[in-house]
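Engineer: sequence first, predicted model second:
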Amino acid sequence: MSIESFEIPRTLYLEPIGKWIGTPVVKVLTGMRRVGKSVLLRQIAEHARERGSSADRVLLISTERLEFEHIRTYRDLNDAAHQARGASPGGRLTLLVDEVQNIEHWERTAASLVAEGGYDIFLTGSNASLLASDLATRIAGRYVELSVFPLTFAEFVEFRKAAGGATTATSEAGLFRSFMRYGGLPGIHHVAFTDEHIDQYLNGIYSTIILRDVLERNQVRNPRLLEDIGRFLIDSIGAPVSAKRIADYLKSQRRSATVDTVLDYIGFLERSYAFKRARRFDIRGKRHLEVQDKFYLGDIGLRYARMGYRDDDIAPLLENVVFLELLSRGFAVSVGKVGPYEVDFVAEGRDARRYIQVCYRMETAETRERELRPLRSIDDNYPKLILSLDDPAGGDAEGIRLVNLMDFLLHRVEI
């Protein structure tokens, strides 16, 4: 099935983006490669065409297509925008630029067009450091950043149905096993849904991220070292990580890297959105700590691509899934510390904080006590819950909610 065969509107993003349409700020969609930013941009463009007047124009520029290879500097972009709007000067131009970081000094044109007026600007980017520095220097206070994540499990189910890969007889458990193995990049639903095809697809994406978004943009001198650090992070999702620990591991493998070099390379990987950092939060001290952060993958399919799938990996993978789910719902997420214990996630929302433990199953009294103990140690009244694959799950234990993980992911319960 070709990628044009079906495009499902991702209401998770289109609804909040819709509130910004027509506002005099630059809308920047950020996220890892292949999470669906380009498709969202096309859907926004179509919406602009449908709601615009006859005087309005829409210009969608994909910097990775040969059609637009002549647009490589801010002056090229400025000329293209003015030429497109010049056909109807009294109207408005909706300007959409995909992977804008490929245009040199693009922020100059963005700032100029915002000041000029008459432009509704949408941009996408896959490099956090480049975007952050450019946005801060040129259009501070005149842009809004909208993060785009891989498919949630609920979206994954919807995409499998659209691709003909799920029927009423397909079990949720079976779909969830596929999700845990392959991850949530939309493109996997446009190739043959087999280990071989998806492995090749995901490996290609990871290689593109490493080669284009990290090596080239940061002029990395030691590609093998970068690959080793990336593999270490992949193998350590859900575990505390420090640059010194990585440097010591490399030394044990007869590789040499200073702590500063490791920190730099971690930063490069993080800014490509391939990895996301979860800082540690001292619940009693009410402050973030500067040590022992955790890292999670921007999409769990990348772990399958680089290391294959192992049943023993289920616990950290579940954590990764919940971490991305919370981010996609708009929560700010940290790893909690309460005395000697750790809480998997502290999720800060607009209404309240939540303390969340993620567990595969609580089949033994020992496991149950291990999951309850950290939450029991927190002496405030914010909601506390444990997400697990226990079936049935529900009710509470000592005021702590027990919630089935798939019920949470499929929005059958609210937290």
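Structural biologist: Yep, that arrived.
Engineer: any idea how far E46 lies from A315?
Structural biologist: Note on E46: its distance to A315, by CB to CB, to the nearest Å, is 42 Å. Where C-beta positions appear, they are placed from N, C-alpha and C, glycine not excepted.
Engineer: contact partners of stretch 379-396?
Structural biologist: With contact meaning CB atoms under 8 Å, 6 or more residues apart in numbering, stretch 379-396 is reached by 318, 322, 352-363, 371-372, 375, 378, 399-408, 415.
Engineer: so how far is it off the chain centroid?
Structural biologist: Remark: stretch 379-396 is offset 25 Å from the chain centroid, using CA atoms, centre = their mean, to the nearest Å.
Engineer: looking at this structure, which helix or strand does the model trust least?
Structural biologist: helix 128-138 (a mean of 68; mean pLDDT, DSSP states H and E).
Engineer: give the partner strands of whatever helix or strand comes next after that helix in its sheet and their orientations.
Structural biologist: On the C-terminal side of helix 128-138, the closest following helix or strand by DSSP states H and E is strand 143-147. Sheet partners assigned to strand 143-147 using DSSP bridges are listed as strand 26-30 (parallel).
Engineer: quick one, what contacts the residue nearest in space to the middle of the chain?
Structural biologist: Residue closest to the average C-alpha location in the chain (CA atoms, centre = their mean): F149, at 3.4 Å. Each residue near F149 by CB under 8 Å, 6+ apart is listed here: 31, 35, 184, 298, 324, 327-328.
Engineer: still on that earlier bit, just the ones of the contacts of stretch 379-396 in strands?
Structural biologist: Those of these mapping onto strands are 353-359, 400-404, per DSSP state E.
Engineer: need the residues you listed in TSV (columns: neighbour count and distance to L77).
Structural biologist: What follows is the ones in strands among the contacts of stretch 379-396, written out as TSV (neighbours: other CB atoms under 10 Å; distance: CB to CB, whole Å):
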residue	neighbour count	distance to L77
R353	19	43
R354	19	43
Y355	22	46
I356	26	43
Q357	25	48
V358	22	44
C359	22	50
I400	19	53
R401	19	51
L402	21	53
V403	22	48
N404	18	49
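Engineer: just curious, which of these is nearest to A163?
Structural biologist: Taking CB to CB as the measure, A163 sits nearest to N404 out of these, at 26.0 Å.
Engineer: for E227, which non-adjacent residue is closest in space?
Structural biologist: Distance criterion CB to CB, 6 or more residues apart in numbering; nearest residue to E227, sequence neighbours excluded, is I210 at 6.9 Å.
Engineer: so who does the one you found touch?
Structural biologist: 223, 226-227, 230, 274.
Engineer: which phi and psi does it have?
Structural biologist: Torsion angles at I210 (phi, psi; degrees, to the nearest 10) stand at phi -70, psi -50.
Engineer: next one: it from D228, what distance?
Structural biologist: Distance of I210 to D228, given as CB to CB: 12 Å.
Engineer: shared neighbours, the two?
Structural biologist: Common contact partners of I210 and D228 (CB under 8 Å, 6+ apart): none.
Engineer: low pLDDT regions in the chain?
Structural biologist: Across the chain, the ranges flagged by pLDDT under 70 are 1-6, 53, 87-89, 129-136, 168-169, 392-394.
Engineer: and it, what are its domains?
Structural biologist: Domain ranges of the chain: 11-147, 153-276, per automatic domain parsing.
Engineer: could I get those as TSV with distance to Q292?
Structural biologist: Output for the domains of the chain, formatted as TSV (distance: least, CB to CB, whole Å):
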stretch	distance to Q292
domain 11-147	22
domain 153-276	4
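Engineer: can you pull the contacts of F331?
Structural biologist: Listed by CB under 8 Å, 6+ apart, the contact set of F331 reads 347-349, 354.
Engineer: again, only this time at 10 Å
Structural biologist: By CB atoms under 10 Å, 6 or more residues apart in numbering, the contact set of F331 is 323, 325, 345-350, 353-354, 356, 415.
Engineer: what of A81?
Structural biologist: By CB under 10 Å, 6+ apart, A81 lies in contact with 57, 59, 61, 71, 93, 95, 97, 109-110, 112-113, 116, 118-119, 121.
Engineer: closest to F153 among those residues?
Structural biologist: So of the contacts of A81, ranked by how close each gets to F153 (CB to CB), first place is V97, at 31.0 Å.
Engineer: which residues are in contact with that closest one?
Structural biologist: With CB under 10 Å, 6+ apart, V97 has these contacts: 41, 59-63, 68, 71, 77, 80-81, 103, 106, 109-110, 121-125.
Engineer: buried subset of those as a PyMOL selection?
Structural biologist: Buried subset of the contacts of V97, written as a PyMOL selection, criterion 16 or more other CB atoms under 10 Å:
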select buried, resi 41+59+60+61+62+63+68+71+77+80+81+103+106+109+110+121+122+123+124+125
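Engineer: among the contacts of V97, which ones are in helices?
Structural biologist: 41, 77, 80-81, 106, 109-110 (DSSP state H).
Engineer: and the furthest pair within the residues you listed?
Structural biologist: So for the ones in helices among the contacts of V97, where distance means CB to CB, the most widely separated pair is L41 and T109, at 17.3 Å.
Engineer: which of the contacts of A81 lies closest to H288?
Structural biologist: Of all these, H288 sits closest to A110, with 31.9 Å by CB to CB.
Engineer: got the contact list for that closest one?
Structural biologist: Counted by CB under 10 Å, 6+ apart, A110 has contacts 26, 28, 74, 77-78, 81, 95, 97, 100, 103, 119, 121, 123, 134-135, 138-139, 142-143.
Engineer: go with 8 Å
Structural biologist: With contact taken as CB under 8 Å, 6+ apart, A110 is in contact with 26, 121, 123, 138-139, 143.
Engineer: likewise for H47?
Structural biologist: When contacts are counted by CB under 8 Å, 6+ apart, H47 touches 14, 18, 21.
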